[in-house]
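Enquirer: sequence and predicted structure are below.
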There are 2 protein chains.
Amino acid sequence: MKKTVFIYGAILAIGVLVVELIEHFYTIQIISTPVYIVAVAILFTVLGIWLGKKLTARSSQDSENTPFKRNEKARKSLGISDRELDVLEHLGKGHSNQEIANKLFISINTVKTHLSSVYQKLEVSRRSMAVKKARSLKLIP
Amino acid sequence: MKKTVFIYGAILAIGVLVVELIEHFYTIQIISTPVYIVAVAILFTVLGIWLGKKLTARSSQDSENTPFKRNEKARKSLGISDRELDVLEHLGKGHSNQEIANKLFISINTVKTHLSSVYQKLEVSRRSMAVKKARSLKLIP
DNA sequence: GGCAAAATCATACTTTCGGGTGATGCATTC
DNA sequence: GAATGCATCACCCGAAAGTATGATTTTGCC
């Protein structure tokens, strides 16, 4: 953090210096008006690029830090119930049917029933493919 | 695609128009030099931001399109062989043992043997957890 | 050539999955 | 009150996955 602040400060100082320098040359008429304008244009283009990068960098960071936004639309259109989603989530964590049953306090048979429904609704036949599809549909993280 | 080209063309046309307009006002001395320079500065800042966004957008796309950079360090430290990695990759695609055997032209028994080794090396006991761990270790995409 | 590691395959056995069927209880809805 | 959807559980069966053990071949290396 301290390093970042220092770098920003340094860049700002250099920027101001360059502007002052160009203005000085302009004032004592070493450079002409068109050259001055071109210099300003280049300088502010660079500034703009820098700003743009900062903005997009921050926005991309935000999207990475977003925990997880479930695709409720897909879930409803597929008709996947609350409990089925619970099971699906544990599936995504790589748990076995028995483990899922223990964590949800239900029988392993019930887990199987829920999974059968999920497989049908996702149109798959294996847990690994169900996880793949559910993840691509943003049903699970 | 056609739409994009059209939008870019329109933006370019408007930009040129604005520059021409400002220059015209400057020439007939409706606006003074400092105002002209500020206008140019603002214009090129906007241009810079736009450029910056374009650049970062492309770079972020690149990072998404980067095929996959395997973590060779982790692989070596775990002692996972070439063939085991082949099997692991197919595992990550959600294939069954039989499918993996067919694709690699080996017996299903061999697939099982390789998988047993992989499970031991990754310290897991199920294919789903192996996939999870291998992915987190950047052994597979 | 001989050794070690990797790759291949087989056999036998246990566990886990997945599909099918049916049943019960509970809440909502028509 | 009948119908519907959801959640729960059970039993059976076959397929797939995983474990253990041993054997053979291939390959790279000293």
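Expert: On my side now, so go ahead. Numbering: from 1, shown residues only, chains lettered A, B, ... in the order given.
Enquirer: do stretch A:132-141 and chain B come into contact?
Expert: Yes: judged by C-beta under 8 Å from any C-beta of the partner chain, stretch A:132-141 and chain B are in contact via residue A:132. Every C-beta, even on glycine, is put in place using the N, C-alpha and C of the backbone.
Enquirer: any low-confidence regions in chain A?
Expert: Chain A contains residues with pLDDT under 70 at A:1-16, A:18-19, A:22, A:25-26, A:28, A:31-34, A:36-37, A:40, A:45-46, A:48-66.
Enquirer: tell me which parts of it are close to DNA strand C?
Expert: Contacts of chain A with DNA strand C, taken as C-beta under 7 Å from any atom of the strand, map to A:96-98, A:109, A:112-113, A:115-116, A:119, A:125-127.
Enquirer: could you say which helix or strand holds the nearest residue to residue A:104 once chain neighbours are set aside?
Expert: Closest residue in space to residue A:104, ignoring its immediate chain neighbours: residue A:86 at 6.1 Å, by C-beta to C-beta, 6 or more residues apart in numbering or on different chains. Following DSSP states H and E, one finds residue A:86 within helix A:82-92.
Enquirer: dump the residues of chain A next to DNA strand C into TSV; add distance to residue A:30, neighbour count and secondary structure as well.
Expert: Formatted as TSV, the residues of chain A next to DNA strand C follow (distance: C-beta to C-beta, whole Å; neighbours: other C-beta atoms under 10 Å in any protein chain shown; DSSP: H, G, I helix; E, B strand; the rest coil):
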residue	distance to residue A:30	neighbour count	secondary structure
A:96	78	17	coil
A:97	81	18	helix
A:98	83	10	helix
A:109	88	10	helix
A:112	84	14	helix
A:113	85	15	helix
A:115	79	18	helix
A:116	82	11	helix
A:119	78	16	helix
A:125	78	10	coil
A:126	75	13	coil
A:127	75	22	helix
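Enquirer: kindly reformat those as a markdown table containing distance to residue B:38.
Expert: Shown next, in a markdown table, are the residues of chain A next to DNA strand C (distance: C-beta to C-beta, whole Å):
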| residue | distance to residue B:38 |
| --- | --- |
| A:96 | 68 |
| A:97 | 69 |
| A:98 | 71 |
| A:109 | 75 |
| A:112 | 71 |
| A:113 | 71 |
| A:115 | 66 |
| A:116 | 69 |
| A:119 | 65 |
| A:125 | 67 |
| A:126 | 65 |
| A:127 | 64 |
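Enquirer: would you point out the most distant pair within those residues?
Expert: A:98 and A:125 (20.4 Å; C-beta to C-beta).
Enquirer: and which of the residues of chain A next to DNA strand C is nearest to residue B:134?
Expert: Nearest to residue B:134 among the residues of chain A next to DNA strand C, with distances taken as C-beta to C-beta, is residue A:127, at 16.5 Å.
Enquirer: what residues are up against that closest one?
Expert: Residues counted as contacts of residue A:127 (C-beta atoms under 8 Å, 6 or more residues apart in numbering or on different chains) are A:91, A:115, B:128.
Enquirer: tell me how many other residues surround the last one.
Expert: Counted with other C-beta atoms under 10 Å in any protein chain shown, the neighbours of residue B:128 add up to 19.
Enquirer: show me where chain A has strands.
Expert: Under the criterion DSSP state E, chain A contains no strands.
Enquirer: can you pull out the helices in it?
Expert: A:2-27, A:33-65, A:72-78, A:82-92, A:97-104, A:108-122, A:127-136 (DSSP state H).
Enquirer: in the third one, what's buried?
Expert: Looking back up the chat, that one is helix A:72-78. For helix A:72-78, the neighbour count (16 or more other C-beta atoms under 10 Å in any protein chain shown) marks A:75, A:78 as buried.
Enquirer: can it be found next to DNA strand D?
Expert: No: Helix A:72-78 lies out of reach of DNA strand D by C-beta under 7 Å from any atom of the strand, never closer than 9.6 Å.
Enquirer: buried stuff in the helix holding residue A:86?
Expert: Neighbour-count burial for helix A:82-92 [16+ other C-beta under 10 Å]: A:84-92.
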